[in-house]
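Q: Predicted coordinates and the sequence they were generated for:
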Amino acid sequence: MNKAVFFDRDGIVNSRIYCGYVTSPEDFVFIEDFFSLFNFIRKQGCLAVVITNQQGVGKGLMTQKDLDDIHDYMQRELAIKTGTKFDAVYSCTDLATVNSFRRKPNPGMLLEAAQDLNINLAASLMIGDSISDVQAGKAAGTRTILVGDFSDIAEADIIAPDINSVLRNFSSILL
Ligand SMILES: [Mg+2]
């Protein structure tokens, strides 16, 4: 079975747009430190999978085609920068108001990925910048890293102030 690192997208792979959505490749700006983290994870032989809520599609602010274009761009740029890309990208376009098993904090997308890619969830890790990422990871049975200023929240296995420190903490959680 495979070990995987599941990445939330906005705020981990690319800069978050506050009070808005990434609706085109032009809006998609990689977080520079993400590349080193990604390279390190690849060297460990882990699969790398994106797990992202994108309710902007459900809200009609962008189309499924816009989202696909953004992810094509993401994969192309990642390949240029690192020589490899994500093994898979799972998106949930359901609205937060709908009771969706796929939408984080629910674990649907992680369970789907585990099935598709033969992933051992207990040996895997979810990295995100929202509590709902941690909740989805826990519900799926992975370990979790929460990135950001969350010093009072004990739910995650590790709380890291930024992507750079995820790399420094990584060996203690997954290896
Ligand atoms: Mg996020």
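A: It's in.
Q: Report the buried residues of the helix ranked longest in the chain.
A: Secondary structure of the chain per DSSP state H: the longest helix is helix 64-82. Residues D66, L67, D69, I70, H71, M74, E77, L78 are the ones in helix 64-82 that count as buried (16 or more other C-beta atoms under 10 Å). All C-beta atoms are positioned from the backbone trio N, CA, C, and that covers glycine.
Q: want to throw these into a markdown table with distance to F101 and pLDDT?
A: Putting those into a markdown table (distance: C-beta to C-beta, whole Å; pLDDT from 0 to 100) gives the following:
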| residue | distance to F101 | pLDDT |
| --- | --- | --- |
| D66 | 24 | 97 |
| L67 | 20 | 97 |
| D69 | 27 | 98 |
| I70 | 24 | 98 |
| H71 | 22 | 98 |
| M74 | 25 | 98 |
| E77 | 31 | 98 |
| L78 | 28 | 98 |
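Q: quick one: is stretch 45-63 near the ion?
A: No - taking C-beta under 5 Å from the ion as the criterion, stretch 45-63 and the ion are apart, separated by no less than 7.8 Å.
Q: Kindly provide the distance from whichever residue of the chain sits closest to the ion to I163.
A: In the chain, no residue comes nearer to the ion than G11, which is 3.5 Å away by C-beta to the ion. To I163, G11 is 9 Å away according to C-beta to C-beta, to the nearest Å.
Q: Who has more neighbours out of the two?
A: Higher neighbour count among G11 and I163: I163, with 22 against 18, using other C-beta atoms under 10 Å.
Q: List the contacts of the more buried one.
A: Under the criterion of C-beta atoms under 8 Å, 6 or more residues apart in numbering, the neighbours of I163 are I12, I31, D33, F34, L37, V147.
Q: nearest to N120, of those residues?
A: Closest to N120 out of the contacts of I163 is L37 (20.8 Å), distances taken as C-beta to C-beta.
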